[in-house]
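Trainee: Compute the structure for the input listed below.
(chains A and B)
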Amino acid sequence: MESPAEVRDLNPPTQKAQSSASLNLETHIEVRGLDAFYGKVQALKSINLQIPKKQVTVIMGPSGCGKSTLLKTLNRFLELTDGTRITGQVIIDGQDIYAPEVDETEVRKRVGLLAQRPSPLPMSIYDNVVYGMHIHHMKRNRKEYKAAVRHYLEIAGLWDEVQKRLHDPATSLSIGQQQRLCLARGLAVEPEIILGDEPTSALDPLSSQNIESRLLDLKKDYTTVIVTHTLRQAKRLADYVIYMYLGEVVESGPARQVFNNPQHERTRAYLEGQF
Amino acid sequence: MIKKRWARRHLAEAIVKALMMAAFVVVAASLGLILWTVIVRGVPSLTWSMISQTPKGGYYMGKEGGVLNAIIGSLYLAGGGTLLALIFSLPIALYLETYLGDSSWGQYVRLSLDVLWGIPSIVYGAFGFAFMLALGMRASLLAGIIVLALLELPIMVRAMDEVLRLMPVDLEQAAFALGSTKLEVALRVVTRQMLPGIVTAVLLAFGRGIGDAASVLFTAGYTDRIPTSLMRPTASLPLAVFFQLATPYKEVQERGYASALILTIIVLIISLGSRWISGRLNRYTIK
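Mentor: Sure thing, here's the model as predicted:
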């Protein structure tokens, strides 16, 4: 078992070599001294974190602990809500995304978000996938767009179901299909990071399972950060776990360690179902 | 079995329900009465020549002719005014929604628009007239269009604003999550989602514009000819109704009702047409 000191600091290469074989702990996202406020209420209290590259990181904790808030600071989404204030740094690939010269739309392109409920755009299935590529001028002609739509719908596991009705309204899909469409749409702008804000909480068990297996497939190419309030889902998905309580990070570390041998009393209480 | 007792709460329910029914009956009956009057008194005089001819000499004493000048004039005035108002309203409404939101500036703009909405149309007419005098302009189609656009603008903006406020927040957020700018969200997502509602807002303003007499009285004037240029005066249906009803001749008064019927039918056609269009646009909107 690793010592807590190793868990806290993921960067030094010597420790990377020592860490468990299944984990490749190269840091992708680093959060430094992050505070977030809704009006006068402080929702995040000096968060310091490192999120490993091409792993599934699960943020868990009781409702209202700030896990969604933390997630939304990673793609500069929180600031879209009126009355929020954010201080501190979120460093992705060595760049602080809150630095004044950073274009927030570029951040949101690089860090995709899968929302709690699927929210298709008011257009056809095809146009939903094309939308993001269009606004970022990512392809040159119709043929390329068509090929890309097929590619991303295949990755999202939706192509077979929709290939004959690409021009139907996106709302004609079932809610589970809509969520996979949202996944395809998000992947189409070529992000490096996928955020999921309880992405299966509105879905039936089968659709949830489908989304979960997509996310596991995708982790070879993408860094994934998922917020969930179901412990079982956390255990199924997580390589790395962050446990939050009342706006603070209580504990973070490789999944196996946090689940089997939590260092903190609060984490243990949560895992044992005392909430 | 549990019996329903006539407790006070059930009585209150019954009374409120009766009051609501009464309110509906008042509204429906007024509409019915207006339509009935216009139809009964207008249909006998509604001949083909009414809608195919301009007034000939002696028309206002009961001789031959029709109100084609006013029909065309009204369509020009309201069509032009609505188009001009739309060009300004849509950006204003989108700006209000996307950038100002519920901020104090946003509220201030909304209050101003509500005040403008409440201003009687004769004031717009007088304002336009004073302005024209200062510029040395004469009554013309163009002046009428501009004043009607001013009259319609607050209606259109506020109606669109109410529609835009119904925009699902999730939808905008979804577009932002893909890295859209505010402009892209406004033009590519919000407008698309809200198109049926925007069509309704435009129609509401058009209805107000085509039915208004006071604002065009001084600004567009009145003429028996069909306007051939923006700088010429033009007739309009509300004024045609007014002038004909004001004559002492019974036939002419009845033609006034026929003109009112024509106006009603135009509004009805445009209403139904736009409903059909917005129904088709509704296909992709998120409910």
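
Trainee: For the stretch 1-150 of chain A, list the residues in contact with chain B, please.
Mentor: By C-beta under 8 Å from any C-beta of the partner chain, the residues of the stretch 1-150 of chain A that approach chain B are A:75, A:77, A:80, A:82, A:105-109, A:112-113, A:115, A:117, A:119-124, A:131-132, A:135-136. Just so you know, the C-beta spots here come from the backbone N, C-alpha and C atoms, and that holds for glycine as well.

Trainee: For PyMOL, write the selection for the buried entries among the residues you listed.
Mentor: Buried residues within the residues of the stretch 1-150 of chain A next to chain B, by 16 or more other C-beta atoms under 10 Å in any protein chain shown, are selected in PyMOL with:
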select buried, chain A and resi 75+77+80+105+107+108+109+112+113+115+117+119+120+121+122+123+124+131+132+135+136
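
Trainee: Just the CA trace of stretch A:211-230, in CSV.
Mentor: Extracted in CSV, the C-alpha atoms of stretch A:211-230 (Å, rounded to 0.1, in the frame of the first residue of the first chain):
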residue,chain,number,x,y,z
ILE,A,211,-23.1,5.3,-21.1
GLU,A,212,-20.8,3.8,-18.5
SER,A,213,-19.3,1.3,-20.9
ARG,A,214,-18.8,4.2,-23.4
LEU,A,215,-16.9,6.2,-20.8
LEU,A,216,-14.7,3.2,-20.0
ASP,A,217,-14.0,2.7,-23.7
LEU,A,218,-13.1,6.3,-24.0
LYS,A,219,-10.6,6.5,-21.2
LYS,A,220,-7.8,5.3,-23.4
ASP,A,221,-8.0,8.6,-25.3
TYR,A,222,-9.5,11.0,-22.9
THR,A,223,-9.1,12.2,-19.4
THR,A,224,-12.5,11.7,-17.8
VAL,A,225,-13.9,13.4,-14.6
ILE,A,226,-17.2,12.2,-13.4
VAL,A,227,-19.4,13.5,-10.6
THR,A,228,-21.7,10.9,-9.1
HIS,A,229,-23.7,10.4,-6.0
THR,A,230,-24.0,6.6,-6.4
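
Trainee: mean confidence for that stretch?
Mentor: The average pLDDT within stretch A:211-230 is 92.

Trainee: Stretch B:272-287 now?
Mentor: 82.

Trainee: hmm, it in reach of chain A?
Mentor: Yes - interface with chain A: stretch B:272-287 contributes B:283, B:284, B:285, B:286, B:287 (C-beta under 8 Å from any C-beta).

Trainee: which secondary element of chain B has the worst mean pLDDT?
Mentor: None of the helices or strands of chain B scores lower by mean pLDDT, DSSP states H and E than helix B:48-52, at a mean of 83.

Trainee: what does it rub up against?
Mentor: In this structure, residues lying in contact with helix B:48-52 by C-beta atoms under 8 Å, 6 or more residues apart in numbering or on different chains are B:64, B:65, B:66, B:67, B:68, B:71, B:255, B:258, B:259, B:262.

Trainee: Stretch B:107-122 now?
Mentor: So stretch B:107-122 is contacted by B:96, B:100, B:151, B:153-155, B:157-158, B:161, B:212-215, B:217 (C-beta under 8 Å, 6+ apart).

Trainee: Residue A:86: what secondary structure?
Mentor: Put simply, residue A:86 is strand when judged by DSSP: H, G, I helix; E, B strand; the rest coil.

Trainee: Mind pulling up the pLDDT for it?
Mentor: 94.

Trainee: any idea how far it is from residue A:245?
Mentor: 20 Å (C-beta to C-beta, to the nearest Å).

Trainee: Quick check: what element follows the lowest-mean-pLDDT helix or strand in chain A along the chain?
Mentor: Lowest mean confidence among the helices and strands of chain A (mean pLDDT, DSSP H and E): helix A:13-18, at a mean of 39. Downstream of helix A:13-18, the first helix or strand assigned by DSSP states H and E is strand A:27-38.

Trainee: got the buried residues for that following strand?
Mentor: By 16+ other C-beta under 10 Å, the buried positions in strand A:27-38 come out as A:27, A:28, A:29, A:30, A:31, A:34, A:35, A:36, A:37.

Trainee: what would these look like in a markdown table with pLDDT?
Mentor: Shown next, in a markdown table, are the buried residues of strand A:27-38 (pLDDT from 0 to 100):
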| residue | pLDDT |
| --- | --- |
| A:27 | 90 |
| A:28 | 92 |
| A:29 | 93 |
| A:30 | 94 |
| A:31 | 94 |
| A:34 | 94 |
| A:35 | 94 |
| A:36 | 94 |
| A:37 | 94 |
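
Trainee: any chance you could map the helices in the chain?
Mentor: Looking at chain A here, since you left the chain open. All helices of chain A, identified by DSSP state H, fall at A:4-8, A:13-18, A:67-73, A:104-110, A:125-135, A:142-155, A:159-162, A:175-187, A:205-218, A:231-237, A:255-260, A:265-271.

Trainee: could you do chain B instead?
Mentor: With DSSP H as the criterion, chain B has helices at B:8-42, B:48-52, B:68-95, B:104-118, B:121-135, B:141-165, B:169-177, B:182-184, B:191-210, B:214-219, B:237-245, B:250-281.

Trainee: Show me what the first one packs onto, helices and strands only.
Mentor: Contacting helix B:8-42 under the criterion 3 or more C-beta pairs under 8 Å, 6 or more residues apart in numbering or on different chains; DSSP states H and E are the following elements: helix B:250-281.

Trainee: gap between the two ends of stretch B:35-53?
Mentor: 25 Å (C-alpha to C-alpha, to the nearest Å).

Trainee: shaky segments in chain B?
Mentor: Low-confidence segments of chain B (pLDDT under 70): B:1-6, B:61-62.

Trainee: Would you mind measuring from the closest residue to chain A within it to residue A:149?
Mentor: Nearest to chain A in chain B, going by C-beta to the nearest C-beta, is residue B:179, at a distance of 3.4 Å. According to C-beta to C-beta, residue B:179 stands 18 Å off from residue A:149.

Trainee: With residue A:242 instead?
Mentor: 35 Å.

Trainee: Roughly how far does the residue in the stretch 1-150 of chain A that chain B sits nearest to sit from residue A:178?
Mentor: Per C-beta to the nearest C-beta, the residue of the stretch 1-150 of chain A with the smallest distance to chain B is residue A:109, at 3.4 Å. Using C-beta to C-beta, we find residue A:109 at a distance of 21 Å from residue A:178.
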